[in-house]
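1. Just a sequence and a predicted model for now, questions to come.
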Amino acid sequence: MTNDKGILIKNIYYMLSYAFQTLKQQDYEKVAAEEFDKIYDLFAAILANGVARQLKQGLYREYVPVQNALSVMRGKLNMSDTVRLKAQCSRRLSCEFDNFSENNIYNQILKTTIYRLVRTKEVDTKQKQALKKLLLFFGNIDLIQTDHIKWNQLIYQRGNKNYELLLNICHLTLKSLLQTTEKGEFKLLSFSDEHMEMLFQRFVMEYYKQHHKELSPKAPKIDWNITDGHENSMIQFLPKMQTDITLQNGDKALIIDTKYYTSIMAENYKSTYRSAHLYQIFSYVKNMDTENTGKVSGLLLYAKTSEDNLPDGSSVLIGSNRIGIEVIDLNRDFKDIAGQLENIINKYL
């Protein structure tokens, strides 16, 4: 089956498995073998399998700050609240302390996502039943409001590494859920281009990291090639040039900028490549190739859309540097997708 953008849902699973190595573990074999009609059924299945696996190991615990009224002193005394308690003739002390608890932000996000998927009409009944069983193990964990979750501040380390995949699935899901007025139920919006662009970029990077370590895949920042020889106050206002993927083969380099757009071509009087994208990749290439050797190439890598007039994988020399445009068809067998990524290396490096 395909999603509303014409992408095989099975390929979205493969992309996720590259982006998050946890999906290649044995517990997810059933998910890999199953066919899904909707992408959110895939997400629900991943969560059901991943959380069940985590429950066997034990939910992640960490020290959480707690404030409570106690009969004996513990931790730090909150003087103002203690005075208020005394005024009420209470013999308790208001104490602030850290509690080693399952009721932390990581498990709260898991519970909230599962709870909302269970209350979403579009999710398959089979997946809902699996998720409902898991909620029984989250009785001591709070539901939270998701609007202010600081996703970029979540830290993954040895004790909660398996949560990285699960919470990224939660992120994709929660960003697409809209609460309705019908008994607190939730409605799924479409899986956005923004979400797919992030996944597409990470997939391409991880593909090359796993299959072509010799090319040192990375995403470096590129410095502006400033040549005036003295400090210039304008430099601090120049935008940062952050590449998506850079591959290196000896003295040759390829900068890849991944793009996921509903429309690849710009339509004015005629179909043209998007000028902003070309300017961006050209700027990256020229500022990396400071000595104008021509050994740095640039590639705009698009996910295929339903447009008829699409780039044909051509490239052109601008100055001494090769700039190209390629399109990956995410609605084909995954072996074909891998083949396209391999051809890029052969063509440019």
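-> On my side now, so go ahead. Residues are numbered from 1 along each chain as shown.

2. now the helices: where do they sit in the protein?
-> According to DSSP state H, the chain carries its helices in the segments 9-19, 29-33, 39-57, 79-87, 105-118, 125-135, 163-174, 193-211, 275-288, 334-348.

3. Of all these, which one is nearest residue 319?
-> helix 275-288 (7.5 Å; Cβ to Cβ). Placement of C-beta: from N, CA and C, glycine included.

4. about what we covered before: lowest average pLDDT across the helices of the chain?
-> When the helices of the chain are compared by mean pLDDT, helix 29-33 comes last with a mean of 76.

5. Show me what counts as buried in it.
-> residue 31 (16 or more other Cβ atoms under 10 Å).

6. What is that helix packed up against?
-> helix 9-19, helix 39-57 (3 or more Cβ pairs under 8 Å, 6 or more residues apart in numbering; DSSP states H and E).

7. mind redoing it with 6 Å?
-> helix 39-57 (3 or more Cβ pairs under 6 Å, 6 or more residues apart in numbering; DSSP states H and E).

8. just how off-centre is the helix it packs on within its chain?
-> Offset of helix 39-57 from its chain centre (Cα atoms, centre = their mean, to the nearest Å): 17 Å.

9. Now it - C-alpha only, CSV.
-> In CSV, the C-alpha atoms belonging to helix 39-57 read as follows (Å, rounded to 0.1, in the frame of the first residue of the first chain):
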residue,chain,number,x,y,z
ILE,A,39,1.2,4.8,7.7
TYR,A,40,-0.2,5.4,11.2
ASP,A,41,-1.0,1.6,11.5
LEU,A,42,2.7,1.1,10.9
PHE,A,43,3.6,3.6,13.6
ALA,A,44,1.2,2.0,16.0
ALA,A,45,2.7,-1.4,15.3
ILE,A,46,6.2,-0.2,15.8
LEU,A,47,5.2,1.4,19.2
ALA,A,48,3.3,-1.8,20.3
ASN,A,49,6.3,-4.0,19.6
GLY,A,50,8.9,-1.5,20.9
VAL,A,51,7.1,-0.7,24.1
ALA,A,52,6.3,-4.3,24.8
ARG,A,53,10.1,-5.1,24.4
GLN,A,54,10.9,-2.2,26.7
LEU,A,55,8.5,-3.4,29.4
LYS,A,56,10.3,-6.7,29.5
GLN,A,57,13.5,-4.8,30.2
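
10. between that helix and helix 125-135, how many degrees?
-> 30 degrees (axes from the mean of the first three to the mean of the last three Cα atoms, to 10 degrees).

11. helices or strands up against helix 39-57?
-> Using 3+ Cβ pairs under 6 Å, 6+ apart: helix 39-57 touches helix 29-33, helix 125-135, helix 163-174.

12. if you set the cut-off to 8 Å instead, what comes out?
-> If you count contacts as 3+ Cβ pairs under 8 Å, 6+ apart, helix 39-57 packs onto helix 9-19, helix 29-33, helix 105-118, helix 125-135, helix 163-174.

13. so which of the ones you listed gets nearest residue 293?
-> Counting by Cβ to Cβ, and looking across all of the helices and strands packed on helix 39-57, nearest comes helix 9-19 at 32.1 Å.
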